[in-house]
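**Q** Pasting the sequence and the predicted coordinates here, then a few questions.
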Amino acid sequence: MSIHITNLSFLMNELDISGVEIAQALNIDPTLVSKWKNNTRPLKPDSTLLEGLVTYLLKDDENNQQRLSYIKELLTNFSAKYNNNDLKEKLKHWLTSKHCANQAYIMQKFYSTRLNKYAIQKQSLIFMGNTGRREALNDFLNVALEDTNKLNIYITIQEDLSWMIDDEIFLNDWLKKLEMILTKGNKIYVLYWINRPMQELSYIFSKYLPLYLHQNIKPYYFPKYSMPVQRNSIFLIENKMGLLGIQGATPADRYSELYFDEKTLSHYKWVMENLICNSKKMCTHVKQLELNNIDKKSLSLVVKNKPSFYSMPEKLFNSLINDNIFSEEESNILNNAYKESQRYNKPKRHIYSLKELNEQIQKPFFYYDDINKLLEREKLIPISYFKKHINSFFETNSDGNKIEEYGFTNEDIPVNVNVVDENYFLIWNYDINSKYCLFNELNLTTAIYFHYEKMWNNIPRIYKESGFLTTL
């Protein structure tokens with residue numbers, strides 16, 4: 001695996017300079033050069049050896065002209081970051097700087113205008129294994145985040161996802177950076193393959209749910225099952241850089257190649273556009289009022305941080321409406337919405353956040369996010385109504401049975417989810433102005449149902465019964 005995590009390491013790799021060569025020139029132990037390269041002993045500006053190292057790299061003789069031209073060109077491209085016009089001082093600054101150590105960022109900035117100028121110059125970087133894939137994708141994301149232009153980014157993954165699932169820190173960082181890229185106004189086109197193991201699909205897809213509320217993400221799924229002999233993945237920043245991934249016989253054999261040349265970028269853009277043309281949109285964004293036009297079927301599952309006012313018993317709801325909290329117009333809106341909701345079959349199962357419950361129960365007021373969305377403003381509700389609402393979950397009907405099941409989980413619930421009769425599901429967040437996102441692909445719906453059924457089964461029994469309320 002080729003890993004270059006410092007500027008010195010990058011330069012040695014590009015100029016084909018060995019650690020032994022530098023060690024002999026400076027009369028030092030080669031292990032010290034190795035420590036500079038891998039950053040276990042950083043090369044510092046006050047190092048007594050820095051002057052000699054820079055002098056050696058900038059040696060101006062007949063055999064070193066290509067190397068010298070390369071360094072001059074490299075530092076010219078980064079002159080905005082280094083103010084000193086003296087080449088030797090500029091190189092000292094660059095070698096000891098924490099900035100620009102990202103090799104893919106350097107290549108994208110420098111090689112894009114100088115391809116094929118020098119024989120020593122490369123057009124791609126190779127990484128091996130799951131660790132290599134994570135390193136390459138970190139470089140990929142950093143290039144996208146550094147760019148100030150509006151970008152089109154394409155992603156499709158046919159490989160197994162062990163490189164992502166096995167490292168929770170990387171997965172969270174990957175999702176966070178994707179969200180930052182979307183927030184900057186860039187567009188991300190994602191193509192899913194539905195022939196995945198259910199457990200893997202449900203885990204990853206549930207993690208991605210908050211991203212789909214962004215208008216700039218364009219998710220698709222390939223409608224046919226595909227079992228290629230070689231499983232590939234494509235990550236592409238249009239006209240800038242790309243990453244080709246190939247699954248190996250073992251995780252250690254996983255192949256990742258970052259590339260920058262125009263022909264390869266153009267080819268894989270064509271591949272992605274053709275795949276998308278033969279795919280289907282995975283979800284659609286709908287407004288609150290548009291939900292009335294969707295075929296209402298039995299709600300199988302509701303997952304939210306906080307309960308909806310729709311789940312209040314009618315007697316409690318009427319008491320709330322008559323408590324002079326709302327204006328007449330607001331009361332009419334809520335009355336109509338409540339009555340409309342009672343026409344449909346109740347959810348079979350509810351999952352709410354135990355953490356949210358513990359936090360809210362200590363406050364004098366509570367707000368229902370669905371009330372706020374309907375009224376397009378925040379309305380504070382006395383906490384007494386919320387406590388009565390929660391207690392009503394565990395009451396039985398006249399037959400002594402509970403029609404619906406309720407549970408409180410310690411797991412995070414980043415978005416609201418309604419699974420409708422296992423045919424489609426809706427997600428939305430807590431922003432008053434946010435839209436709903438509707439998914440109707442059967443495999444993905446099944447995967448989400450599978451994920452939340454697993455969450456339900458992991459809830460301790462005490463948090464599915466009324467007894468724990470006495471401890472709040």
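**A** That came through fine.
**Q** quick one: the strands in the stretch 1-150 of the chain?
**A** All strands of the stretch 1-150 of the chain, identified by DSSP state E, counting those that start in this stretch, fall at 124-128.
**Q** Surely residue 124 and residue 259 touch.
**A** Yes. Here residue 124 reaches residue 259: they are 4.4 Å apart, a contact under C-beta atoms under 8 Å. Heads up, the C-betas are built off the backbone N, CA and C, glycines and all.
**Q** so where do the helices sit in the stretch 151-300 of the chain?
**A** Secondary structure of the stretch 151-300 of the chain (DSSP state H, counting those that start in this stretch): helices located at 162-165, 168-183, 198-208, 262-277.
**Q** want to try CSV for these, with distance to residue 392 as columns?
**A** Listed next are the helices of the stretch 151-300 of the chain as CSV, based on distance: least, C-beta to C-beta, whole Å:
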stretch, distance to residue 392
helix 162-165, 39
helix 168-183, 36
helix 198-208, 29
helix 262-277, 48
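**Q** Next, count neighbours for residue 462.
**A** 11 (other C-beta atoms under 10 Å).
**Q** and it, what pLDDT?
**A** Note on residue 462: pLDDT of 86.
**Q** cool, residue 345 as well?
**A** Checking the pLDDT column for residue 345, the value is 57.
**Q** for residue 412, same thing?
**A** 88.
**Q** Look up how far residue 12 lies from the nearest residue to residue 177 once chain neighbours are set aside.
**A** What sits nearest to residue 177 in space, not counting adjacent residues and going by C-beta to C-beta, 6 or more residues apart in numbering, is residue 141, at 4.4 Å. From residue 141 across to residue 12, the span is 25 Å (C-beta to C-beta, to the nearest Å).
**Q** now do residue 446
**A** Distance from residue 446 to residue 12, by C-beta to C-beta: 51 Å.
**Q** Equivalent analysis for residue 378, please.
**A** 58 Å.
**Q** Which one's more surrounded, the two?
**A** Ranked by neighbour count (other C-beta under 10 Å), residue 378 and residue 12 place residue 12 first, with 20 against 11.
**Q** And that one, how close does it get to residue 67?
**A** From residue 12 to residue 67 the distance is 11 Å (C-beta to C-beta).
**Q** With residue 219 instead?
**A** 47 Å.
**Q** Likewise for residue 364?
**A** 71 Å.
**Q** Tell me which of these two has more neighbours.
**A** Set residue 364 next to residue 67 and count neighbours by other C-beta under 10 Å: residue 67 wins out with 20 against 8.
**Q** picking that back up, looking only at neighbour counts, state which of residue 124 and residue 259 leads.
**A** residue 259 (20 against 16).
**Q** Pairing partners for that one in the sheet, please.
**A** residue 124, residue 242 (DSSP bridges).
**Q** Can you find the helix or strand of this structure with the lowest average pLDDT?
**A** helix 103-111 (a mean of 53; mean pLDDT, DSSP states H and E).
**Q** where does the stretch 1-150 of the chain dip in pLDDT?
**A** 1-5, 76-85, 98-123 (pLDDT under 70).
**Q** please redo it, this time with the cut-off set to 90
**A** 1-19, 30-31, 34-35, 37-46, 58-127, 135, 138-139, 142-143, 146-148 (pLDDT under 90).
**Q** just the stretch 201-350 of the chain next, same as before
**A** Ranges of the stretch 201-350 of the chain meeting pLDDT under 90: 201-207, 213, 215, 221-231, 259-263, 282-302, 306, 308, 310-311, 337-349.
**Q** let's see it at 80
**A** Scanning the stretch 201-350 of the chain for pLDDT under 80 picks out the ranges 224-230, 286-299, 341-347.
**Q** spatially speaking, which residue is in the middle of the chain?
**A** residue 175 (1.6 Å; C-alpha atoms, centre = their mean).
**Q** For that residue, which residues are in contact?
**A** 207-208, 210-211 (C-beta atoms under 8 Å, 6 or more residues apart in numbering).
**Q** Quick one: residues contacting the residue nearest to residue 177.
**A** Here residue 141 is in contact with 174, 177-178, 181 (C-beta under 8 Å, 6+ apart).
**Q** looking at this, residue 443 is in a strand?
**A** No. Going by DSSP: H, G, I helix; E, B strand; the rest coil, the assignment for residue 443 is helix, not a strand.
**Q** Please name the nearest non-neighbouring residue to it.
**A** residue 194 (4.3 Å).
**Q** Show the backbone phi and psi for that neighbour.
**A** phi -80, psi -10 (degrees, to the nearest 10).
**Q** where does it sit relative to residue 447, distance-wise?
**A** Taken as C-beta to C-beta, the span from residue 194 to residue 447 is 9 Å.
**Q** neighbour count winner among the two?
**A** Taking other C-beta under 10 Å, residue 194 and residue 447 do not tie; residue 447 has more neighbours (22 against 18).
**Q** quick one: which helix or strand includes that one?
**A** helix 442-457 (DSSP states H and E).
**Q** can you pull out the helices in the stretch 1-150 of the chain?
**A** Secondary structure of the stretch 1-150 of the chain, counting by DSSP H, counting those that start in this stretch: helices at 7-15, 19-26, 30-38, 50-57, 65-77, 87-96, 103-111, 129-146.
**Q** Please state the offset of the fifth one from the chain centre?
**A** So the one you mean is helix 65-77. With C-alpha atoms, centre = their mean, to the nearest Å as the basis, helix 65-77 stands 37 Å off its chain's centre.
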